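Trainee: What would the 3D arrangement of this be:
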Amino acid sequence: MTAQESTSTRPYLIRALYEWCTDNGLTPYVAVRVDDSVQVPREYVKDGEIVLNISFDATSALQLGNDFIEFKARFGGKPREILVPVGRVIAIYARENGQGMAFPPPVDVLAGGAAAAGAIAPMLAEAVSSEDASAASGAQTSEDRVVQLVSAEDGRKDGDEGGDAPRPPPAAGGARPSLKRVK
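Mentor: Residues are numbered from 1 along each chain as shown. Next comes the predicted model:
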């Protein structure tokens with residue numbers, strides 16, 4: 001089996017980061033690029049995207065499958081069935097510290113919808129644009145590229161080195177997550 005014939009790593013990474021969040025007492029959120037294949041309450045969609053809390057406390061019957069993320073949740077007190085194709089997930093991260101991973105946006109965003117996309121999709125399109133030349137040559141597919149979200153503020157305690165790599169300095173003006181490309 002060649003790399004292009006193998007299954008996507010996206011659902012496995014989503015499950016791994018979900019487990020990491022729950023093991024560490026963090027709240028896992030997924031950012032989703034919404035289209036007709038995504039079953040979510042449309043009144044909560046902003047700029048073609050929705051952020052969903054997929055924690056144990058916020059969902060019931062959560063299934064993180066290879067093709068879909070399915071669960072039941074309440075929106076404004078009303079129970080709703082949520083169905084998200086894994087390919088439409090553009091990020092999974094912890095609410096408390098912003099640590100997680102972003103994925104290349106769906107093909108419709110890269111093909112020309114990036115100008116009209118919401119807050120997350122343009123950042124992702126920009127983060128992967130430097131790889132366009134290698135992707136065009138067939139060196140990598142969009143599934144091979146992964147972008148990691150890191151918090152822009154340094155949440156470490158004094159004397160705690162923590163993490164595998166140095167964190168970026170805090171950004172002036174807020175604790176908004178920044179993107180870091182991981183190979």
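Trainee: CA atoms for contacts and neighbours, from now on please.
Mentor: Will do.
Trainee: Can you classify Val51 by secondary structure?
Mentor: Here Val51 is strand, with the state taken from DSSP: H, G, I helix; E, B strand; the rest coil.
Trainee: May I ask you to confirm that it is in contact with Arg33?
Mentor: No - counting by CA atoms under 8 Å, Val51 does not reach Arg33; the two are 9.1 Å apart.
Trainee: between these two, which one's more packed in?
Mentor: Legend: neighbour count by other CA atoms under 10 Å for Val51 and Arg33, higher for Arg33 (28 against 17).
Trainee: Who does the closest residue in space to the more buried one that isn't next to it in sequence form a beta bridge with?
Mentor: Distance criterion CA to CA, 6 or more residues apart in numbering; nearest residue to Arg33, sequence neighbours excluded, is Glu49 at 4.6 Å. Partner residues in beta bridges with Glu49: Arg33, Lys46, with DSSP bridges as the criterion.
Trainee: Relative to Thr9, how far out is Glu49?
Mentor: Separation of Glu49 from Thr9 (CA to CA, to the nearest Å): 22 Å.
Trainee: Who has more neighbours out of the two?
Mentor: Higher neighbour count among Glu49 and Thr9: Glu49, with 22 against 12, using other CA under 10 Å.
Trainee: Tell me which helix or strand in this protein has the weakest average pLDDT.
Mentor: helix 132-136 (a mean of 42; mean pLDDT, DSSP states H and E).
Trainee: can you map out the helices along the chain?
Mentor: Listed in chain order, the helices found in the chain under DSSP state H are 10-23, 107-108, 120-129, 132-136.
Trainee: Count residues in the vicinity of Pro28, would you?
Mentor: 25.
Trainee: Just give me the neighbour total for Ile69.
Mentor: The burial count for Ile69: 20, using other CA under 10 Å.
Trainee: Met101 too?
Mentor: In terms of burial, Met101 registers 23 neighbours under the definition other CA under 10 Å.
Trainee: Repeat that for the one 3 residues further on.
Mentor: Burial of Pro104 is recorded as 26 neighbouring residues (other CA under 10 Å).
Trainee: how far away is it from Val30?
Mentor: Taken as CA to CA, the span from Pro104 to Val30 is 14 Å.
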